[in-house]
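Trainee: Sequence plus the predicted model coming up.
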Amino acid sequence: MAAVPPAQQPSLPQGVFLMPTSSNGRRRGSADSRPNIRKVQGHVPACLVNASVTHCNNDEIYAFGGFDQDTDEVYNHVLRLDLKTFRWELVDNYGDIPGVRMGHTSSLYQGDKLIIFGGENEHGQYLSDVVIFDIPTSTWTQPEIRGPIPRGRARHAAVIHEDKLFISGGITADSSAILDDMSYLDLKTWTWSWSWKFTARFDHLAWVWGGRLWIFGGIDPDMERTTHIWWLDIQAIPALEAPTIQGTMDPPTKLGRVTHGPEDALYSNTAQQLPSRSGSYAANSASVQVRNAGRRKSFAPGPISCLQFKSGTNVPSLSSGTHFQAFASGVLLDLVAPSETTRVYDCNLSSLELDSLRWQRLADGPEIFRTGYRWHYSTINANGTKAWLLGCSLDASSNPGNNDENHMNEVLCIDLERYGLLGNEMSALSPDPRRAMASARTHLGPLSSLGTDLSSAFDQPPEAGSGADFTITANADGFVYADNTTEDGSFALSTPTFLSANATTSAAIHVHRLILQLRWPHFKRLYSAQMAEYHNNRMHIPEPYTVVRAFLYYLYTDSIAGHPEYCADIIDIAGMLVMANLYDMPRLRLLCVNRLGRELDVENAAIIWDRAGRTNEEWLMRRAAQFCLNHWGRVVRTDGFKSLSRQSLIDLCEVVDMEGRIIAGPELELVGTLGTGDGLSTGRELKPAQLTLSGVALDGEEVEPDEMDGLEDI
């Protein structure tokens, strides 16, 4: 990196070391940045209906059960997809193999077990048994179950939290009634709790966050897809005690029977021995079906809340496309995949922030999907950082002799961190929703106990008893970047130009060498080399003072939450993104990208776009650019837009398509209503992106031909 010209350097105290500054280098992204699609080999399964597809921690996906539409068979075989070799294998499994089923749930437990509950067998009977598949040994076991066994069901939701398997809703017998209950199975004692009244749903998603059980989506009793989100405070549920009424599953020699305590008549329960299904995959253990038609459900022990999303720019429409929903990184994800009636440009990836209940658009369909594919199943890893879609190619010539559309022979891997998601481990630091209002008032954010202790010693002089033994200074006046563009139009590394030749350094920031060595790899390398700062215990970083102070605060607390003094300004977070890129600190980079994406607004959009370009954050850059285009009239009047360098202003303006133009006044109203204007009546709703991106994506990538359908008249 070029050195700062002496005439432009600020006056530094003698012996102070000058750290390198961040550059203006903007690298161009690849021509096609969409996730890769991998073709799989081996024992490729048919596109089974209502099978369970679960990702396990050993880079493998397990599929179990399901209904084959071509053969009308219901299966109980286990298939494994190795994500390293991309091969399907039929797994030889042993032990108490469960009966055939579909519409069941499969939940990963302790990293190496799959807990299967419920489902529907080939006779249309709804099951309520619990079976465990041990992944390392491929062995099935059936635990001894106690407590009031819930009704048999299929297409319900299940989630494991703190050694408890929560189940909610589903469909059952009695004219395919939709269940409205919830209960949980204690996985340490294998005891069912009582059933509580919740809400009637099936084909929905359930998860636990912030001490609450949440459900979203699915089909309601009116047989309509719903945008309601419900949550129940499960911390109010009393501790599970051994109930007086127990139901236990007999050992394998007497499979399929349920015995009850002396008061079982209160529940009108009946158990049936279900016939095994003959075929290649023998069901050597019958399943248990329990009908509890006479059971009365008590009201839930905690408060229940509900919210419906009527409409909005980023609220996903459940009426079209194939929706895959998952809980990851502390947010609800909704991925709309292409279908027969939904094209790629109508798809998107959205997230719902549970603390604010605000939807955000993370990516549009063309950033994720290619045309010519259908996706049938999705699964997400335990870390919440990657999602896999299983599907098929619609091009029959790609696999002669095999009907691709009916097999899962394609895999699409989506890196969720690329879209600003932190992962489950990092997002666990997010505030509890019940403390969200308090956090908003204090701006302290979530800190660990150690982080709180260290923050009290941050930037305190030694005489205050802090033990600080190192000082860092920054630019008091800040700086701007000089334009440095090569002949081909790309950016080269540039040097900072200070706002004043007599710019002064900031006040000293008091820190501790030990913390800097442990938390800042770049500092550790410089200090180990015994450079100038080793002898003088002083350093100058030519970045704005507020950015440097926020950066050092992160080293102490491992947090960039909105502290009222250090990390309150989102512009400082954008500066920290540049520093994270310069010093190769991936965790800080991800934290910055996540917060910048969440807090994008008119005042900071231009700055975020510029800093994302400097650090090659393609997703954040595209998102900020689209935001600028959608709010162009207001963005160009902000101080952030006016502070950009000349070259950055030109680049941002060139994001607009070559055929784009400003529409205002009566013409804007005409376009908005799609009335009878000349050449403007297309017979369909005009999306904002179509006004500015007619045929060209934000990164210059051409939109595929079928994605242009309906745009030629605009």
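Mentor: Received the coordinates, thanks. Residues are numbered from 1 along each chain as shown.
Trainee: pLDDT weak spots in the stretch 51-200 of the chain?
Mentor: The model of the stretch 51-200 of the chain has pLDDT under 70 over residues 175-176.
Trainee: Run through this protein and note the low-pLDDT ranges.
Mentor: Applying pLDDT under 70 to the chain flags residues 1-32, 175-176, 238-297, 396-405, 429-449, 451, 477-503, 562-563, 659-660, 662-714.
Trainee: So it: which segments form each domain?
Mentor: Domain segmentation of the chain under automatic domain parsing yields 6-28+437-646, 93-308.
Trainee: want to try TSV for those domains, with distance to D334 as columns?
Mentor: C-beta here means a position set from N, CA and C on the backbone, and glycine is covered the same way. Formatted as TSV, the domains of the chain follow (distance: least, Cβ to Cβ, whole Å):
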stretch	distance to D334
domain 6-28+437-646	16
domain 93-308	8
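Trainee: what about the ones you listed, which gets the closest to V74?
Mentor: With Cβ to Cβ as the measure, domain 93-308 is the member of the domains of the chain nearest V74 (4.3 Å).
Trainee: Span of that closest one from start to end?
Mentor: Chord length of domain 93-308, first to last residue, is 44 Å (Cα to Cα, to the nearest Å).
Trainee: Excluding sequence neighbours, find me the nearest residue to A63.
Mentor: L79 (4.5 Å; Cβ to Cβ, 6 or more residues apart in numbering).
Trainee: ok, the one you found touching E89?
Mentor: Yes - contact criterion Cβ atoms under 8 Å: L79 and E89 qualify, at 6.9 Å.
Trainee: For those two, indicate the residue with more neighbours.
Mentor: Neighbour count, other Cβ atoms under 10 Å: between L79 and E89, L79 has more, with 22 against 14.
Trainee: Dihedrals phi and psi, that one?
Mentor: The phi/psi pair for L79 (degrees, to the nearest 10) reads phi -120, psi 150.
Trainee: Can you tell me how far it is from G467?
Mentor: 59 Å (Cβ to Cβ, to the nearest Å).
Trainee: mind checking the backbone torsions on D96?
Mentor: phi -90, psi 80.
Trainee: What of T546?
Mentor: Backbone torsions for T546, taken as degrees, to the nearest 10, come to phi -70, psi -30.
Trainee: what does the one 5 residues further on give?
Mentor: Dihedral pair for F551: phi -60, psi -50, per degrees, to the nearest 10.
Trainee: and what of the one 3 residues further on?
Mentor: Geometry field for Y554 lists phi and psi as phi -60, psi -40, criterion degrees, to the nearest 10.
Trainee: Roughly how far does the closest residue to it other than its chain neighbours sit from G575?
Mentor: With sequence-adjacent residues excluded and distances taken as Cβ to Cβ, 6+ apart, Y554 is closest to I560, at 5.5 Å. Distance, I560 to G575, using Cβ to Cβ: 11 Å.
Trainee: again, but for S506
Mentor: For S506, the distance to G575 equals 14 Å [Cβ to Cβ].
Trainee: could you pull out the strands for the stretch 201-350 of the chain?
Mentor: 205-209, 212-216, 228-233, 247-249, 258-260, 270-271, 290-291, 298-299, 304-308, 322-328, 331-337, 348-353 (DSSP state E, counting those that start in this stretch).
Trainee: returning to what we had before: give me the common contacts of I560 and G575.
Mentor: A550 (Cβ atoms under 8 Å, 6 or more residues apart in numbering).
Trainee: And the contacts of the helix or strand where W388 lies?
Mentor: Taking DSSP states H and E as the definition, W388 sits inside strand 386-393. For strand 386-393, contacts defined as Cβ under 8 Å, 6+ apart pick out 39, 47, 53, 55, 61, 81, 83, 324, 326, 328, 333, 335, 337, 372-381, 399, 404-416.
Trainee: Show me which of those residues are buried.
Mentor: Buried members of the contacts of strand 386-393, scored by 16 or more other Cβ atoms under 10 Å, are 47, 53, 55, 61, 81, 83, 324, 326, 328, 333, 335, 337, 372-381, 399, 404, 406-412, 414, 416.
Trainee: Would you mark the buried spots in stretch 189-196?
Mentor: Buried-residue list, stretch 189-196, by 16+ other Cβ under 10 Å: W190, T191, W192, S193, W194, S195, W196.
Trainee: mind checking the end-to-end distance for it?
Mentor: 20 Å.
Trainee: what's the spacing between the residue positioned nearest the centre of the chain and V411?
Mentor: By Cα atoms, centre = their mean, the mean C-alpha position of the chain lies nearest to A328, the distance being 4.4 Å. According to Cβ to Cβ, A328 and V411 sit 18 Å apart.
Trainee: Please apply the same query to T471.
Mentor: 53 Å.
Trainee: And I167, by the same measure?
Mentor: Counting by Cβ to Cβ, the gap from I167 to V411 is 29 Å.
Trainee: residues contacting the closest residue in space to A457 that isn't next to it in sequence?
Mentor: Closest residue in space to A457, ignoring its immediate chain neighbours: S466 at 4.7 Å, by Cβ to Cβ, 6+ apart. Contacts for S466 (Cβ under 8 Å, 6+ apart) come out as A457, Q460, H510, H512.
Trainee: Before I go, just wanted to say thanks for your time.
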